[in-house]
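Undergrad: Generate a structure from the sequence data that follows.
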Amino acid sequence: MIHLDSIGYDYRDCMQFQQLQYFVAVAETRHFTRAADLVHVAQPSLSQQIKALERELGADLFLRARGNITLTDAGEALLPLARRILADADTARHEVLELVQLRSGRIRLGATPSLCTGLLPDVLRAFHDRYPGIRLLIEEGGSHDLVRELARGALDLALVVLPLPTPSPALTTVELLREDLVVVSSPEAPAPGRGRTVRISDLEGERLVMFRHGYDLRELTVAACRAEGFEPDFAVEGGEMDAVLGFVRAGLGVAVVPRMVATKSGRGLRVTPLARPGLHRTIALAHRSDVAPPRAARELQRMLLER
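TA: Below you'll find the predicted structure:
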């Protein structure tokens, strides 16, 4: 890996913002003409700016072969820095444009699908009622994906499940709530377990409807089953929250889901608590440590913490 300082360059001194935009566009499209269309500039002008940037750096950023554009080692080193600078500048622009009364602006919020289903609707409705001019941009994903998006500046806030898959001092997390997990099943199918609660060991022999790989609930459920000495049996796997609930309603199997989701989306489902000590997950609000969230995002953060 080539570091920019190893080629005698301080990007803070002379790299132009526009050059970074053009560079990232080419890096993402791997095509000069499509990149020029993306940033609304003539292709010769874009090519000239890329060449000027390469001269300033003293290194080629792209390998140009007929019909094939690839990043050099120097280009690979610059790309995450360029994305970070552009994201920070975009955040600053929106921060400045926000009015004192929060009548305009935007929030880029990431959350796991289960939290989009269970926690967020009521909180976002209350926020929207108070600040109708703020645009809410929601990205669903697993905690691992959301942490990566936060780190590169693509999100202002994210609701993630602790512990983080890759803890980082670059992120600040504040615990929001501790949520119980429950077992959902079809009312037409035999109830799992023998009483009013289900033990994890009762899931041995049950067909489970399982989330996709990388989903926090999948990892938690599989680890709990293995701790009881058995491998879970999957009837169907790979879905997001809505798909999993639908498959359970159809009688394909049972699933372990957050209590909040079961309460809000439990129509047509039997909901059975897990026997003590049960299973739980900790939800946290995360943001980058080096950059304060925009003002609108800070207000949403306050409402989430006070809910």
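
Undergrad: And the longest strand that the chain contains, what's buried?
TA: Among the segments of the chain that qualify as a strand by DSSP state E, the longest is strand 171-185. Buried residues in strand 171-185, counted by 16 or more other CB atoms under 10 Å: 171-173, 176-177, 179, 181-185. Glycine gets a C-beta too; all of them are placed from N, C-alpha and C.

Undergrad: Helices along the stretch 101-250 of the chain, start to end?
TA: Assigned helices in the stretch 101-250 of the chain, in chain order: 113-118, 120-130, 143-151, 216-227, 241-249 (criterion: DSSP state H, counting those that start in this stretch).

Undergrad: Adding distance to Leu274, mean neighbour count and mean pLDDT, write these out as JSON lines.
TA: Compiled in JSON lines, these are given as follows (distance: least, CB to CB, whole Å; neighbours: other CB atoms under 10 Å; pLDDT from 0 to 100):
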{"stretch": "helix 113-118", "distance to Leu274": "16", "mean neighbour count": "23", "mean pLDDT": "86"}
{"stretch": "helix 120-130", "distance to Leu274": "24", "mean neighbour count": "14", "mean pLDDT": "93"}
{"stretch": "helix 143-151", "distance to Leu274": "22", "mean neighbour count": "20", "mean pLDDT": "89"}
{"stretch": "helix 216-227", "distance to Leu274": "9", "mean neighbour count": "18", "mean pLDDT": "92"}
{"stretch": "helix 241-249", "distance to Leu274": "16", "mean neighbour count": "20", "mean pLDDT": "92"}
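
Undergrad: related to what we said a few turns ago, tell me the two of the buried residues of strand 171-185 that are most distant?
TA: Farthest apart among the buried residues of strand 171-185 by CB to CB are Thr172 and Ser185. That separation is 38.9 Å.

Undergrad: Please save the CA atoms from stretch 122-140 in PDB.
TA: C-alpha atoms of stretch 122-140 as PDB (Å, rounded to 0.1, in the frame of the first residue of the first chain):
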ATOM      1  CA  ASP A 122     -43.000   5.900  16.200                       C
ATOM      2  CA  VAL A 123     -39.900   8.000  16.900                       C
ATOM      3  CA  LEU A 124     -39.600   9.100  13.300                       C
ATOM      4  CA  ARG A 125     -43.300  10.100  13.300                       C
ATOM      5  CA  ALA A 126     -42.800  12.200  16.400                       C
ATOM      6  CA  PHE A 127     -39.700  13.800  14.800                       C
ATOM      7  CA  HIS A 128     -41.400  14.500  11.500                       C
ATOM      8  CA  ASP A 129     -44.400  16.100  13.300                       C
ATOM      9  CA  ARG A 130     -42.000  18.400  15.100                       C
ATOM     10  CA  TYR A 131     -39.700  19.100  12.200                       C
ATOM     11  CA  PRO A 132     -41.600  18.400   8.900                       C
ATOM     12  CA  GLY A 133     -38.900  20.200   6.800                       C
ATOM     13  CA  ILE A 134     -36.100  17.800   7.700                       C
ATOM     14  CA  ARG A 135     -35.600  15.000   5.100                       C
ATOM     15  CA  LEU A 136     -35.100  11.600   6.600                       C
ATOM     16  CA  LEU A 137     -32.800   9.300   4.600                       C
ATOM     17  CA  ILE A 138     -32.900   5.700   6.000                       C
ATOM     18  CA  GLU A 139     -30.400   3.000   5.100                       C
ATOM     19  CA  GLU A 140     -31.200  -0.600   6.300                       C
END
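
Undergrad: Out of the buried residues of strand 171-185, flag the one nearest to Ala297.
TA: For the buried residues of strand 171-185, the nearest to Ala297 is Thr172 (12.8 Å; CB to CB).

Undergrad: mind checking which of the helices of the stretch 101-250 of the chain is nearest Asp73?
TA: With respect to Asp73, and counting by CB to CB, the nearest of these is helix 143-151 at 21.5 Å.

Undergrad: so what secondary structure elements neighbour the closest one?
TA: Helices and strands touching helix 143-151, by 3 or more CB pairs under 8 Å, 6 or more residues apart in numbering; DSSP states H and E, are strand 105-111, strand 157-162, strand 171-185, strand 280-288.

Undergrad: Check the gap between Met303 and Arg30 for me.
TA: 42 Å (CB to CB, to the nearest Å).

Undergrad: whoops, I mixed them up, Ala296
TA: 35 Å.

Undergrad: more crowded one of these two?
TA: Ala296 (23 against 14; other CB atoms under 10 Å).

Undergrad: Low-confidence bits of this protein, can you list those?
TA: For the chain, the stretches with pLDDT under 70 are 1-15, 95-101, 165, 266.
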